[in-house]
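[1] Sequence first, predicted coordinates after that:
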Amino acid sequence: MIAIIGAGKMGEALLAGLLGTGHGPGDVLVTEPRAEHAAELRERYGVRTVPAAEAAGADALVLAVKPQDMVDLLDELNPHLGAGTMVISVAAGITTAVLEKHLGDGVPVVRAMPNTPALVGKGMTAVTGGRAAGADHLERAQELLRAVGEVEVVAERHMDTVTAISGSGPAYFYFIAETMVEAGVAMGMPRATAQRLVRQTISGASAMLGESGEHPVVLREAVTSPGGTTAAAVRELDRHGVRTAFTDAIEAARDRSRALSEG
Ligand SMILES: NC(=O)C1=CN([C@@H]2O[C@H](COP(=O)(O)OP(=O)(O)OC[C@H]3O[C@@H](n4cnc5c(N)ncnc54)[C@H](OP(=O)(O)O)[C@@H]3O)[C@@H](O)[C@H]2O)C=CC1
Ligand SMILES: O=C(O)[C@@H]1CCC=N1
């Protein structure tokens, strides 16, 4: 049995992803404190919603509450954890040491960082195990998360960088998509046309990146005709320091993830 505590944006994406890839609604319990949202989840997914104390007995317990709510939740769960329960936290910044401190030293914990494309089975998740998590726990966690996309095992020291790159990463692409649509509209293009062009362009570019195995520089060079439009556009991006802005943005996300572990 899998239990998910916190069915917000990420918890629900994992729930929908798991149910869409072979897990039955009878295999998943959900804890959601807001009665109205809990009723929606029961209606939409056919899952059972239960109090946290009951979810704590599941074989795999996924914690998807905000980092700021995590310590209170861990203290609440501590007395109710099942003997064989493995805890998987997806919270940004919350270290395995914090999880172990509040759940007990012998509890197998896995820190994971998924992303919202899990909703459509295209997630990218990085995982790292705590002190009591053996190879079998890490394998079980990977198997569970592979249901919603790809999984990579990383050393814990990389988890804040993972959070900044793949955890927050989808937002950077939506930001670019939004900017491209608005640019088209500003130049007089109907909004629906601009949206269609941008959606298919980003989805096509990302399919090429995923399927060709080429470095992004090679793919960008193939679009950049000598003396052409792309070269003019890239020169403007460089003039405005977009590369530096992106690097600074990713560093800020990493630093925010680190700060979240400090409460
Ligand atoms: N969004 C994303 O792309 C990603 C998020 N994450 C991580 O996932 C976690 C959740 O983020 P996100 O989904 O964006 O945030 P949301 O605010 O959308 O979700 C948090 C959910 O937790 C619920 N909740 C709060 N306290 C409890 C509790 N004690 N028991 C059960 N449920 C509770 C909230 O309910 P209510 O609304 O009623 O308060 C809400 O539904 C964070 O730790 C974040 O770092 C990780 C990777 C990507
Ligand atoms: O914005 C956040 O804090 C979460 C973590 C990664 C993506 N969303």
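    Everything's here; your move. Remember, it's a predicted structure, so these values are computed and weren't measured experimentally. Numbers count the residues shown, from 1 in each chain. Ligands and ions are numbered 1, 2, ... in the order given.

[2] Val127: which element?
    strand 123-129 (DSSP states H and E).

[3] what does the chain put close to ligand 2?
    The chain has residues 92, 163, 167-168 near ligand 2, with proximity defined as CB under 6 Å from any ligand atom. The way it works is simple: take the backbone N, C-alpha and C, and place the C-beta from them, glycine included.

[4] Mind putting those into CSV with pLDDT?
    Shown next, in CSV, are the residues of the chain next to ligand 2 (pLDDT from 0 to 100):
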residue, pLDDT
Ala92, 97
Thr163, 98
Gly167, 98
Ser168, 98
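
[5] Let me see the confidence value for Ala177.
    Ala177 is assigned 98 on the pLDDT scale.

[6] do you know how far it is from ligand 2?
    Separation of Ala177 from ligand 2 (CB to the nearest ligand atom, to the nearest Å): 17 Å.

[7] Then His137?
    Taking CB to the nearest ligand atom, one finds His137 at 23 Å from ligand 2.

[8] Count the residues that sit near that residue.
    20 (other CB atoms under 10 Å).

[9] That one is in what secondary structure piece?
    Here His137, judged by DSSP H and E, is contained in helix 135-146.

[10] pLDDT of the helix or strand following that helix, averaged?
    On the C-terminal side of helix 135-146, the closest following helix or strand by DSSP H and E is strand 149-153. Regarding strand 149-153, the rounded mean pLDDT is 97.

[11] give the contact list for whichever residue of the stretch 101-250 of the chain sits closest to ligand 2.
    Using CB to the nearest ligand atom, Gly167 is the residue of the stretch 101-250 of the chain that sits closest to ligand 2, at 3.3 Å. By CB atoms under 8 Å, 6 or more residues apart in numbering, the contact set of Gly167 is 92, 113-115, 253, 257.

[12] Look at Arg131 and tell me its secondary structure.
    coil (DSSP: H, G, I helix; E, B strand; the rest coil).

[13] Much appreciated, bye for now.
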